[in-house]
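Peer 1: A predicted structure for the sequence below; I have some questions about it.
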Amino acid sequence: MTTTAVLRRIGLGGITGSPIAIAVALALMVVLLAVPFGHNGYLEIVFRNILMYAAMAYGWNLIGGYTGYVSFGQVAFFGAGAYCSAVLSAHGIDNLFADVALACVVNALFAIVVGLPVLRLKGHYFAIATLGIALALSDIVANLDALGASSGLAVHHVDEAHFYVYYYAMWLVALATILGTYFIARSKLGFAFVAIRENEEAAAVLGIDATRYKITAWAISAMMAGAAGAVFAPANGFLDPSIAFSVDSNVFPIVMAILGGAGTVAGPFIGALILAGANELLQRYFIKIHTLFFGAMIVIVVLILPRGLVWLFGLKGGARTWLKSLTAYKA
Amino acid sequence: MTAAGQTATGVALRISDVGMRFGGLWALSEVSFDVEHGSVVGLIGPNGSGKTTLMNVVSGVYKPTTGSVTYDGRRIADVPTHAVCHLGIARTFQVVKPFASLTVRENVAVGAMYGRYGGKRSTRASFERAQELLEIVGLARVAERAASDLTIPDRKRLEVAKALALDPDVLLLDEVMAGLNATEVEEALELLRDVNRRGVTLIVVEHLMKAIVSISTTIIVLAEGRKIAQGAPADVLASPQVIEAYLGSRWVKRQEQLRIIEADREVAARVQPPEAGA
């Protein structure tokens, strides 16, 4: 049985991915509303981080998963968003709505300016250029005294009794990225993104201005990462370049989106939940070698589920179809 | 009203003195011809004669090194590739380029969304238009399949449906009949005649001589990047220059020899009739 024949039986689930997976993701989101009621500060931070990574994974998913431009620089947008909040805080403005709004505007402009030259590149060249942007921005900020340079900035935040404000703000950002992805994927915009991913030349012949839509995808993805950063900065209370532009914040969202299913609506959230959850548990029980288990887990899942976990949701014929698909991939 | 049943008349495309150079090779040189609204122009020539290059120049994928292609007076080289279809020019690719992970219907809907009248169509209207076109080209039965799943003839049909979704006035077809069997070729020709009757001007690149002769109003022959003949199908195919380009000068000589031998035999037969009814 060929790969395509297996895929046909499994059902691609269309441009949004499996609807069952989307329903599951939204149901889990509703469950996550309950976390602050547990009055467990540690759990609240763990789940707030999951929501933050999820929002960033959705940002990456739009440009990397849907449009096919694999960016390794999304942390630049996260950091830029975080510093927007820090700057507002330094000017005495402590309003999460203002933080998120400013982060979105700044990131959209940043993405357009940087995207015009960078989105002309493809494949490895694009990946390296985006990585370069993230590293360069981190170094620039580390040398700007106005932004606290490498010693960082304190960001005003509410007292601990009201920390749930940040949790729910992050929950809203994550929800907005999920719903945003859903509606974009089903709109004309989503089809333009996928057409560019599948074949840019054929997309152009069908009337799609690739440059314009690639920049649109990147700007929206930058806003998603930036909004997460804008809520993170006051929640964390402190910001320096190593926090704002950390390697984890760059790599985790990509792995989460791919693990869950790149180019699907539910994939990044499910990936974020499983990956961040597994990371927490492994860290707790295998403090010294948890990264080894963590790495091994990623390798195994990518090997046996190359299209992501969401793929399992549309499975017709259950485990047998899935096993057949494994042999088909080897063939 | 022209024979094609539409009101637009006169020259649609004017190809004047087009040359296209790749490094040291002139893939096209000094190619000029006009395409009338509503006509069917067959473009033939041996492998490597520049047919696909010419298609790429006309559809705006390549900018010609010399000369120009104008459509209703507008230079195509001045228009970005993605805007060419908004002028009313659509094309298919010889090597089909489906969006593999999308369904057949979604593939066609993308054309309807972003083509000439895409701006006025909602997503839903685009899908309805796609369904209509799938019925016209005979792909409605596989509308929900992934495009990567289609057989070769169906992939060719999908290319045509995608191009038609752009609502073109001029449709460039690059070997859409290659790899089809005799029945499928007949079906494809019927489809193209139908499209032409709806007022679409066709430029058809094809290797199948029988197909091209039966559909074209004018045939243009390219050889080594130059136009060597143009005219009605029967006239063009009888031209010694065309025969030579296709089959080589030795073949022409050999045909000449065969004709002489044949004539000799006939003479011999008349002189010495075979004994009948001994």
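Peer 2: That came in fine, so what should we check first?
Peer 1: could you pull out the strands for chain A?
Peer 2: Chain-ordered strands for chain A, with DSSP state E as the definition, fall at A:153-154, A:238-239.
Peer 1: By mean pLDDT, show me the worst of those.
Peer 2: Note on the strands of chain A: strand A:153-154 shows the lowest mean pLDDT, a mean of 81.
Peer 1: Residue B:145 reaches residue B:104, doesn't it?
Peer 2: Yes: with contacts counted by C-beta atoms under 8 Å, residue B:145 reaches residue B:104, the gap being 5.6 Å. Where C-beta positions appear, they are placed from N, C-alpha and C, glycine not excepted.
Peer 1: So between the two, which is more surrounded?
Peer 2: Residue environment comparison for residue B:145 versus residue B:104 gives the larger neighbour count to residue B:104, 28 against 16, counting by other C-beta atoms under 10 Å in any protein chain shown.
Peer 1: was I right about that one contacting residue B:147?
Peer 2: Yes: under the criterion of C-beta under 8 Å, residue B:104 makes contact with residue B:147 at 5.5 Å.
Peer 1: Show me which residues of chain A are close to chain B?
Peer 2: Within chain A, the residues that sit near chain B (C-beta under 8 Å from any C-beta of the partner chain) are A:4-5, A:7-8, A:12, A:14-15, A:186-188, A:191-192, A:194-195, A:198-199, A:201-210, A:263.
Peer 1: now with 7 Å?
Peer 2: Applying the criterion C-beta under 7 Å from any C-beta of the partner chain, the portion of chain A that neighbours chain B consists of A:4, A:7-8, A:12, A:187-188, A:191-192, A:194-195, A:198-199, A:201-202, A:204-210.
Peer 1: any weak-confidence spans in chain A?
Peer 2: A:1-13, A:314-331 (pLDDT under 70).
Peer 1: and residue A:216, how many residues sit next to it?
Peer 2: Around residue A:216 there are 22 other residues, counting by other C-beta under 10 Å.
Peer 1: Equivalent analysis for the one 5 residues further on, please.
Peer 2: Other residues within reach of residue A:221, judged by other C-beta under 10 Å, total 29.
Peer 1: cool, residue B:169 as well?
Peer 2: Counted with other C-beta under 10 Å, residues neighbouring residue B:169 total 20.
Peer 1: Find me the pLDDT at the nearest residue in space to it that is not next to it in sequence, would you?
Peer 2: In space, and not counting its chain neighbours, residue B:169 is closest to residue B:88: 3.7 Å by C-beta to C-beta, 6 or more residues apart in numbering or on different chains. Looking at residue B:88, its pLDDT reads 91.
Peer 1: contacting residues for residue B:88?
Peer 2: B:116, B:168, B:169, B:170 (C-beta atoms under 7 Å, 6 or more residues apart in numbering or on different chains).
Peer 1: The residues you listed in strands, which ones?
Peer 2: Using DSSP E, residue B:170 are the members of the contacts of residue B:88 that sit in strands.
Peer 1: Tabulate the contacts of residue B:88 (CSV), appending pLDDT and distance to residue A:98.
Peer 2: Below are those laid out as CSV (pLDDT from 0 to 100; distance: C-beta to C-beta, whole Å):
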residue, pLDDT, distance to residue A:98
B:116, 90, 44
B:168, 93, 50
B:169, 93, 52
B:170, 93, 54
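Peer 1: for the chain, which helix is longest?
Peer 2: I'll assume chain A. In chain A, taking DSSP state H as the definition, the longest helix is helix A:210-236.
Peer 1: Sorry, I should have been clearer: chain B.
Peer 2: helix B:240-271.
Peer 1: that older thread, could you pull out the residues contacting both of residue B:104 and residue B:147?
Peer 2: When C-beta under 7 Å, 6+ apart defines a contact, the residues bordering residue B:104 and residue B:147 alike are residue B:158.
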